[in-house]
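Enquirer: Next come a sequence and a model predicted from it.
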Amino acid sequence: MSLVANPVLAGTYPDPSVCRVGDDYYLVTSTFEYFPGLPVLHSRDLVHWEQVGHVVDREGMLDYAGIASSGGLYAPTLRHHDGLFWLVCTLVDQQDDARGGNFVVTASDPAGPWSDPVWLGESGIDPSLFFDDDGRVWVHGTRLAAEPEWFHQTEVWLRELDPATMRLVGPEHVLWTGAVRGAVWAEGPHLYKVGGTYYLLAAEGGTEFHHAVSVARAEKVTGPYEGNRANPVLTHRHLGRDVDVVGVGHADLVEGPDGSWWAVLLGMRPYGGYHYNRGRETFLVPVAWQDGWPVFAPGLGRVPRPVEVPFADPAGPVGAPQHVAAGVVRPGDVRWTSLRAPASSFATPDGEGWALRVLPATLTEAGTPAFLGVRQQHRDVDVAATVRVDGLAPGERAGVVVRQSERDHVTLAAEPSPDGGYRVRAVHRRAGAEQVLGEVTLEAPGGVLELGVAARGQDYALTVAPPSHGAGGPAVVATADGRTLDSVATGGFLGLWLGVFATSDGAPSTSTVTVERFVYAPVDEAPPA
Ligand code: 6LW
């Protein structure tokens with residue numbers, strides 16, 4: 001028995017796509033407006049994942065400046081063929097349809113560098129790639145149906161790709177509009193060939209509560225596709241809202257090292273009501289083939305928690321995903337992300353932390369503010385930033401943020417007070433409107449303050465203390481309600497990020513603040529009943 005914790009990737013790791021290369025597995029997920037984009041994770045047992053790089057990791061490779069939160073990089077597909085890694089993805093700008101679209105990049109090393117994008121020129125989202133055994137290459141994806149019979153009806157299209165020119169060629173085929181009549185968002189399609197038959201796996205129902213996995217098969221890659229009468233083959237929507245995992249869907253299939261089959265897929269874990277602050281996470285589900293169809297979680301019919309993975313590496317830290325390292329998040333840590341562009345334009349590694357230039361850009365615009373953050377991967381977690389604030393000029397501020405988007409976030413920031421010392425203010429920006437949650441004024445001995453977030457369930461206490469605070473611990477300036485910050489409350493596709501920022505609020509600035517260290521410390525959570 002090798003029971004391992006599910007999700008295998010905790011926190012915002014949505015739309016997983018996986019491929020196998022010999023004994024190695026590689027997986028990518030969506031990252032929307034965050035930079036670098038599209039993390040590449042490596043594993044040998046589908047359970048313990050280590051991040052080896054990012055697909056979008058350099059200035060100028062893709063321009064997503066100005067794209068609002070929950071736009072940007074949507075569901076990618078990762079495949080390996082003939083010694084080369086291939087990735088297709090969509091850059092989405094919800095305000096400007098003419099911008100972005102579907103693109104393909106390749107790399108010989110999945111850690112990078114990846115090639116510059118080649119735009120495919122098809123509309124829609126969720127592109128995927130299929131390398132047939134006759135040498136032909138097929139791109140498929142999802143778009144709103146040309147002649148919809150119902151609201152948000154989508155269709156899965158297919159066209160051949162000429163790998164020499166990277167151009168789509170030949171006629172287009174519409175393969176699928178979903179298993180259920182009236183199904184919205186038949187999407188996230190992936191084609192496979194198993195035992196000489198073509199299988200089309202697709203999500204439907206939308207990526208929230210009604211999400212589901214369906215499957216169809218055909219004798220020819222171009223169809224016609226016949227749906228499985230067991231569809232949807234996996235969903236949690238019939239379980240109601242009071243369950244441990246909701247919104248299960250967007251699956252990709254892979255063969256395990258022992259010849260068994262597995263799906264990686266996304267789901268959300270609500271807590272403190274129907275809210276999932278960790279966003280859409282990656283789960284692992286066993287798949288068996290019966291009567292020529294894949295059966296998901298045979299005998300159970302839902303995401304197993306924990307999941308038995310016979311080949312899971314016993315040396316791996318079972319229950320603690322390897323991509324999470326508790327403690328100081330150092331500058332070289334792959335978890336750091338900025339927004340829409342590299343952090344190098346405003347941040348320089350400085351010891352265990354960062355020197356941050358105080359930029360005019362604020363967290364409320366779809367630009368690149370001086371922000372660095374990491375995913376909230378644990379329900380209960382303490383984040384503490386030790387910040388040297390004595391470089392701030394009047395009107396400038398620096399601190400910590402619990403971020404959903406430009407419109408929705410909570411900050412705790414210090415700014416020089418006209419009366420001496422620092423005013424530390426907690427502000428909740430909710431649907432674009434700001435409310436002060438609390439404020440204290442205090443000295444910063446040695447110019448340094450420790451600003452923190454202590455998340456306990458849906459309570460996010462915002463704390464401040466001088467660096468070597470005594471037994472009394474840090475002062476709670478305010479407690480924000482996490483139920484106002486997750487995507488159920490705000491819309492969008494993302495879970496929360498915890499980070500640091502500095503801004504001069506539009507004014508020119510030459511100031512710098514130093515984040516001497518940033519600690520991410522998960523607090524043991526009670527095991528589920
Ligand atoms: C993803 C698509 C979806 O491209 O959400 O609603 C998008 N469905 O499959 C972003 O994750």
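Expert: Received the coordinates, thanks. Numbers count the residues shown, from 1 in each chain.
Enquirer: S417 contacts T441, correct?
Expert: Yes. Under the contact definition of CB atoms under 8 Å, S417 touches T441, with a separation of 5.2 Å. To be clear about C-beta, it is placed using only N, CA and C from the backbone, and glycine gets the same treatment.
Enquirer: what residues are shared contacts of those two?
Expert: Common contacts of S417 and T441, defined by CB atoms under 8 Å, 6 or more residues apart in numbering, comprise R423.
Enquirer: which non-adjacent residue is nearest L363?
Expert: Nearest residue to L363 in three dimensions, chain neighbours excluded: P369, at 5.4 Å (CB to CB, 6 or more residues apart in numbering).
Enquirer: how many other residues sit next to the one you found?
Expert: Counted by other CB atoms under 10 Å, the residues lying close to P369 total 22.
Enquirer: That one against L356, yeah?
Expert: No. Counting by CB under 8 Å, no contact exists between P369 and L356, whose distance comes to 10.1 Å.
Enquirer: what residues are shared contacts of the two?
Expert: Once CB under 8 Å, 6+ apart is applied, the residues that P369 and L356 both contact turn out to be F501.
Enquirer: got a list of what the residue nearest to L363 touches?
Expert: Contacts for P369 (CB under 8 Å, 6+ apart) come out as 339, 359, 361-363, 501, 503.
Enquirer: same thing with V400?
Expert: For V400, the set of contacting residues under the criterion of CB under 8 Å, 6+ apart consists of 383, 385, 411-413, 451-453, 462, 498-501.
Enquirer: Endpoints of stretch 388-404, how far apart?
Expert: For stretch 388-404, the first and last residues are 25 Å from each other (CA to CA, to the nearest Å).
Enquirer: Spell out which parts of this protein neighbour the ligand.
Expert: Neighbours of the ligand within the chain, by CB under 6 Å from any ligand atom: 14-15, 30, 74-75, 125-126, 185, 187-188, 203, 206-207, 250, 493.
Enquirer: rerun at 5 Å
Expert: Where proximity means CB under 5 Å from any ligand atom, the interface of the chain facing the ligand comprises 15, 30, 74-75, 125-126, 187-188, 207, 493.
Enquirer: In strands, which of the residues you listed fall?
Expert: In strands, defined here by DSSP state E, the members of the residues of the chain next to the ligand are 125-126, 187-188.
Enquirer: Between the contacts of P369, which sits nearest the ligand?
Expert: Compare each of the contacts of P369 with the ligand using CB to the nearest ligand atom and the shortest gap goes to L339, at 17.4 Å.
Enquirer: circling back to that earlier point, now the contacts of P369 as CSV including pLDDT and neighbour count?
Expert: Output for those, formatted as CSV (pLDDT from 0 to 100; neighbours: other CB atoms under 10 Å):
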residue, pLDDT, neighbour count
L339, 98, 30
L359, 98, 23
A361, 98, 19
T362, 98, 19
L363, 98, 21
F501, 98, 29
T503, 98, 26
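Enquirer: What ranges in the stretch 351-500 of the chain fall below the confidence cut-off?
Expert: Counting by pLDDT under 70, the low-confidence segments of the stretch 351-500 of the chain come to 467-472.
Enquirer: Which single residue of it ends up nearest the ligand?
Expert: Among residues of the stretch 351-500 of the chain, the one nearest the ligand by CB to the nearest ligand atom turns out to be F493. It sits 4.6 Å away.
Enquirer: picking that back up, keep only those of the contacts of P369 that are in helices.
Expert: In helices, judged by DSSP state H, none of those are found.
Enquirer: Widest-spaced pair of these?
Expert: Between all members of those, the longest pairwise span (CB to CB) is found for L339 and T503 and amounts to 12.5 Å.
Enquirer: how close does L266 get to F371?
Expert: In this structure, L266 and F371 are 25 Å apart, going by CB to CB, to the nearest Å.
Enquirer: Sounds good, over and out.
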